[in-house]
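**Q** Whatever this is, show me its structure:
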Amino acid sequence: MFYNYKILIVEDNELNLKILSFWLYKRKLNFKTSLSGEEAVEKFNKEWFDVILLDLMLPGLSGFETTRLIRKTGDEVYGQQPLIIALTANTLDNDRERCLKAGMDDYLSKPFNINEFIHILEKMIIGKNEI
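**A** Residues are numbered from 1 along each chain as shown. So this is what the prediction gives:
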């Protein structure tokens, strides 16, 4: 269903990045990685990604600021928006609402397993295709 989708992982923790990369690689998904919000915005300005897995606590640009800039590029350059899934170790009651209000499409609290990620991805892609 989503094997042709291009995914960008934005994660500054190298262990988390390796785990996510391994999961996506094993499922033969098309992905690239970024270690910072600035790098993610730069990559998105040059290349379309269907899905962005975005850590909230990044050095430099936060996940919230990165989302704002990606949304701007999505509208101006591509005329459409990628799906953005927030990744965070924070589990405060209002984190999900903050992410959605900031323009993210969904939220995963770390640690999560691959099945949780795939479920959210499938739900989001099916929902986007029904619109």
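**Q** Now do the buried residues in the worst-scoring helix or strand of the chain on mean pLDDT.
**A** Using mean pLDDT, DSSP states H and E, the weakest-scoring helix or strand in the chain turns out to be helix 114-130, at a mean of 74. Residues 117, 120, 121, 124, 125 are the ones in helix 114-130 that count as buried (16 or more other CB atoms under 10 Å). Just so you know, the C-beta spots here come from the backbone N, C-alpha and C atoms, and that holds for glycine as well.
**Q** Equivalent analysis for stretch 67-76, please.
**A** Residues of stretch 67-76 classed as buried: 67, 69, 70, 71, 73, 74 (neighbour count, 16+ other CB under 10 Å).
**Q** and which of those residues is nearest residue 86?
**A** Using CB to CB, residue 67 is the member of the buried residues of stretch 67-76 that lies nearest residue 86, at 8.0 Å.
**Q** nearest spatial neighbour of that closest one, skipping sequence neighbours?
**A** residue 103 (5.0 Å; CB to CB, 6 or more residues apart in numbering).
**Q** wait, what's in contact with that neighbour?
**A** Applying CB atoms under 8 Å, 6 or more residues apart in numbering, we find residue 103 in contact with 67, 68, 71, 84.
**Q** ok, so of these, who is nearest residue 7?
**A** Distance to residue 7 across these (CB to CB) is lowest for residue 84, with 11.1 Å.
**Q** still on that earlier bit, reformat the contacts of residue 103 as a markdown table; add secondary structure and pLDDT.
**A** Formatted as a markdown table, the contacts of residue 103 follow (DSSP: H, G, I helix; E, B strand; the rest coil; pLDDT from 0 to 100):
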| residue | secondary structure | pLDDT |
| --- | --- | --- |
| 67 | helix | 97 |
| 68 | helix | 96 |
| 71 | helix | 96 |
| 84 | strand | 96 |
